[in-house]
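Participant: A predicted structure for the sequence below; I have some questions about it.
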Amino acid sequence: WGLGVRRVGTWGIRGLSSNAGIATTVERQGYAIIPDFLSESEIGAMRERAEQLRAELGGKTAAEAVFSTIRQEEKTDSHFLSSGDKISAFFEEEHKELNKLGHALHDLDPVFEQVSYSDKVKQVATEFFTAPAIVQSMYIFKLPRVGAPVVPHQDNTFLYTDPAPTCVGFWMAIDDAHRGNGCLWAAPGSHLAYPLSRRFVRTGDDKVAFRDVPGVTARSVPDSEFIPVEVPKGTLVVLHGSLVHRSFLNESENPRHAYTLHMVEQSPDFTWSPENWLQRPPTMPFRPLFASPS
C-alpha cells in the first residue's frame with residue numbers, strides 16, 4: 001500500500017471471513033466483495049438521477065466528448081481534463097450512446113453525495129486510510145450491445161499520490177453484473193505480482209501520455225489469470241489501486257449500471273501528484289471524506 005494504511009478491527013459482513021477484515025482480504029487477493037451494501041432505495045435514487053442527468057447532458061455528440069480506454073492518449077482532450085470539478089458526459093467511441101458521467105458527482109449532486117459520504121462508505125474507508133478524500137466519481141452506464149470493453153488497467157496508473165500510490169476503488173453495482181452484460185474481471189494477486197509500471201500524466205497544452213515508471217519492467221497479465229466478478233445489484237466491490245482489472249462488451253439486452261468512487265490518502269505524508277490528469281482549481285479542493293457534507 002503506502003504509509004497511510006490503517007487497521008480498525010474485523011468486519012462481520014456476509015462474504016468475508018469473520019477473521020479477515022476488508023483490508024486484509026484486499027491486501028491478499030486485490031479485492032473484496034460486500035453484498036447488500038446499497039439499499040433498494042439508494043439504487044433506485046441513483047439510477048433515476050443518472051437517467052435525469054443523461055437527458056440533461058446528452059446534447060453533446062460523441063465526437064465532442066468521447067471516452068476510450070483503447071486510445072486514451074489520443075482521445076483525452078480539454079473536456080476530459082477539465083472534468084475533475086464538474087459533472088460531464090462522455091460517450092462511446094463507436095456510438096452516440098452515453099458511456100459515463102464524471103468526475104465530481106460525489107461533490108456536486110445531492111443524490112450521489114448522500115451515498116458517497118454515507119457512514120457505511122466512511123466505515124469501509126477507515127480500513128485503509130487515516131485521512132481519505134474522494135478524488136473521482138463516475139456513473140457508468142454500460143448500455144446494452146454498445147457498452148464498450150475496458151482494457152486491463154490499474155487505477156493507481158491514473159490517480160497517483162507521492163511518495164507512494166494509495167488509491168482504493170469502491171465499485172457499486174446498480175444492476176446485476178454478470179459475464180453477459182460486461183461484469184468486472186479481476187486478476188487475483190496481480191497487485192502484488194505486477195508492480196505499477198506506468199503512469200498517465202499531463203504533459204502540457206491539454207495533452208497526456210503514459211510514462212514508464214523507472215526501474216519497473218512492464219508485463220501484461222495473461223488472459224488466463226482473470227476471473228469474472230459476478231455480483232448482484234447493491235454489491236460493493238473494493239479494489240486495490242494496483243489490482244489489474246477489466247471488463248468486456250455488454251452483449252446482453254440489459255444495461256449494467258455501476259457507481260464508482262476512487263479515494264486516496266491525504267494525510268501530511270502524502271501529496272496528490274501535480275502530474276495526474278485529474279486536477280481541481282484552488283476554489284474546489286478535494287473534500288476530506290470524514291468532513292460533514294455541505
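Facilitator: Thanks, I have it.
Participant: okay, now Ile87: neighbour count?
Facilitator: Residues contacting Ile87 under the criterion other CB atoms under 10 Å number 20. Using the backbone N, CA and C atoms, a C-beta is placed for each residue, glycine as well.
Participant: got the contact list for it?
Facilitator: Shown in contact with Ile87 (CB atoms under 8 Å, 6 or more residues apart in numbering): Leu53, Leu57, Leu101, Gly102, Ala104, Leu105, Leu108, Asp109.
Participant: phi, psi of Ser41?
Facilitator: phi -70, psi -40 (degrees, to the nearest 10).
Participant: what distance do you get for it to Ala173?
Facilitator: Applying CB to CB, to the nearest Å, the value for Ser41 to Ala173 is 15 Å.
Participant: neighbour count: those two, which is higher?
Facilitator: The neighbour comparison of Ser41 against Ala173 (other CB under 10 Å) goes to Ala173, with 26 against 8.
Participant: how close does that one get to Glu27?
Facilitator: As judged by CB to CB, Ala173 and Glu27 stand 23 Å apart.
Participant: pLDDT on the helix or strand containing Thr25, on average?
Facilitator: Assigned by DSSP states H and E, Thr25 belongs to helix 22-29. Taken as a whole, helix 22-29 carries a mean pLDDT of 95.
Participant: other residues contacting the following helix or strand past it?
Facilitator: The element immediately downstream of helix 22-29 (helix or strand, assigned by DSSP H and E) is strand 31-34. With contact meaning CB under 8 Å, 6+ apart, strand 31-34 is reached by 13-16, 22, 25-26, 124, 186, 188, 229, 231, 235-240, 243, 245.
Participant: now, of those, which are buried?
Facilitator: Neighbour counting with 16 or more other CB atoms under 10 Å marks 13, 16, 22, 25-26, 124, 186, 188, 229, 231, 235-240, 243, 245 as buried within the contacts of strand 31-34.
Participant: how about the helices in the stretch 1-150 of the chain?
Facilitator: Ranges of helices within the stretch 1-150 of the chain are 22-29, 40-57, 72-75, 78-81, 105-108, 110-116, 119-125, based on DSSP state H, counting those that start in this stretch.
Participant: wait, Leu81 sits on Asp206?
Facilitator: Yes: between Leu81 and Asp206 there is a contact at 5.7 Å, judged by CB atoms under 8 Å.
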